[in-house]
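1. The following comprises the amino acid sequence and a computationally predicted model.
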Amino acid sequence: MTKSKILKGLLGASAVTALSAGSAFAQNNFTPADTEVLNTFSLNYNVGTVPQPPITNDGSGGNPPPTAFRVDRLVNVTVASSGTAGNFSPNQADASVEFSVRNDGNDTHAYLLDFEEDTGDDFNTENSTSGDRIVYFVDVNGDGVLDAGDGPETVYNPADDSTWPLLDADDSIIVRVTRDIPESALDGERADIHLYADTRDQTDPSGTPIDADTTNLTLVAENVLADADGPASAGNDTGTDGAHSATNSFVVLAADVTATKDVFVLNADYDNTCTAIPGAYTPPSPSSDTSTAVPNNGYFVPNACVEYFITVRNDGTANATAIALLDELPDNLVFRSASLVGDLLGGTLSTPAAGTSCTSSPVNCAVSLTGGSIAGKANAGDAPTEGHLVIRATVR
């Protein structure tokens, strides 16, 4: 067969449009390719009142045989993204997105599977930790998404055509493409993957691609290519070439965590107010040694109640989890209290007993948060989420 992309004339322009828009979820129930369609007619008439022999093409009594043609082979594969784009973290290994591939023709075919990276996206994915991987699952219920009842899983190897999917008309598979996300990927960035499926002869899947026949023979099932043009490059997918493609995306959701620490003087004469840390709390302004400062008010004198205010901010859209925060109070302080304020949540807060005189050797005034978290912001343009670890102590 010679390489051609010409549709047979019997389809017409309107028919091409309808066939190229095949859904990954609809059952076409087309007449199988190479089906022989026979048709007869009969004509009866009189001369005067005398009936004459009927005219027919039923092949009987020397009559001509029925009119016949063979149903041509409609080659139409449809690739679609399966579900929404996946959300992943920077430096994540073995991230995967899924596609559906459906045989929207009327004969059984094998399919070459491959993918390409979009050249205009924010970053390129990398070979998965275990190498480039394409696996596929039989889409048992034909809904275009991977369900619990779908399978089994087959590892696709382009060099081994025994692993190539073989689909009857209206059958579909779910294809999973697995890649690694680079560490340099930033919050909100995306990488697009174009999966393409190229139709092959089921008896010779790794041979030459299916081509269109242009002789328009009545009694021969010929190849009629009716696939749409997808987003993959022209070398891998163009309209009516026996291939089709679709796009799915790796979208990065990252936490952007920063932390700062301030110290304030709450009062110069220790009293019980040094231990009270309300749930919703805003620190005072930093102390300032100026000529207008009131003596013993805002100065780090013995018995002054001081507050360490550690602020954790998340300017990303992903949650920051497994937060481990440690503050070891130095000599010259007496621990009074510690508390979490704002969006710094969960985990375990460990503190020394109130009234412990701090020493640095060995350290006995360690305040630690383990297993904490701070949520990501809802939208990229929002203000960062913010939480605090508030520690109060007195100067010895």
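-> Arrived safely, thanks for sending.
2. going forward, measure contacts between C-alpha atoms and count neighbours the same way
-> Noted.
3. Run me through the strand neighbours of the helix or strand hosting residue 392, direction for each.
-> Applying DSSP states H and E as the criterion places residue 392 in strand 385-395. Partners of strand 385-395 in the sheet, by DSSP bridges, are strand 305-314 (antiparallel), strand 333-342 (antiparallel).
4. will you turn the ones you listed into CSV that also has mean pLDDT and distance to residue 109?
-> What follows is the strands paired with strand 385-395, written out as CSV (pLDDT from 0 to 100; distance: least, Cα to Cα, whole Å):
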stretch, mean pLDDT, distance to residue 109
strand 305-314, 91, 51
strand 333-342, 91, 60
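5. Residue 148 is nearest to which of those?
-> Distance to residue 148, taken as Cα to Cα, is lowest for strand 305-314 among the strands paired with strand 385-395, at 36.2 Å.
6. So which residues make contact with that closest one?
-> With contact meaning Cα atoms under 8 Å, 6 or more residues apart in numbering, strand 305-314 is reached by 255-270, 274, 283, 300, 320, 344, 374-377, 384-395.
7. hmm, which of those are the buried ones?
-> 255-257, 263-268, 270, 274, 300, 320, 344, 374-377, 384-395 (16 or more other Cα atoms under 10 Å).
8. For residue 207, give its distance to residue 138.
-> 24 Å (Cα to Cα, to the nearest Å).
9. Compare the two (neighbour count), which wins?
-> Per other Cα atoms under 10 Å, whichever of residue 207 and residue 138 has more neighbours is residue 138, with 23 against 11.
10. list the contacts for that one?
-> 150, 151, 152, 153, 172, 173, 174.
11. who does it bridge with?
-> residue 173.
12. now the chain, which segments are flagged as low pLDDT?
-> 1-26, 84-85, 268-273, 275-297 (pLDDT under 70).
13. Centroid-nearest residue for it?
-> By Cα atoms, centre = their mean, the mean C-alpha position of the chain lies nearest to residue 86, the distance being 2.3 Å.
14. Can you tell me how far the nearest residue in space to that residue that is not next to it in sequence is from residue 195?
-> Spatially, and ignoring its direct neighbours in sequence, residue 86 is nearest to residue 250 (5.3 Å; Cα to Cα, 6 or more residues apart in numbering). Using Cα to Cα, residue 250 is found at 13 Å from residue 195.
15. ok, the two, which is more surrounded?
-> residue 195 (30 against 25).
16. Thought residue 246 was touching the more buried one, still the case?
-> Yes. Taking contacts as Cα atoms under 8 Å, residue 195 lies within contact range of residue 246: 5.7 Å.
17. Identify the contacts common to those two.
-> Common neighbours of residue 195 and residue 246 (Cα under 8 Å, 6+ apart) are 79, 99, 232.
18. quick one: which of those residues is most hemmed in?
-> Ranking those using other Cα under 10 Å puts residue 79 first, with 30 neighbours.
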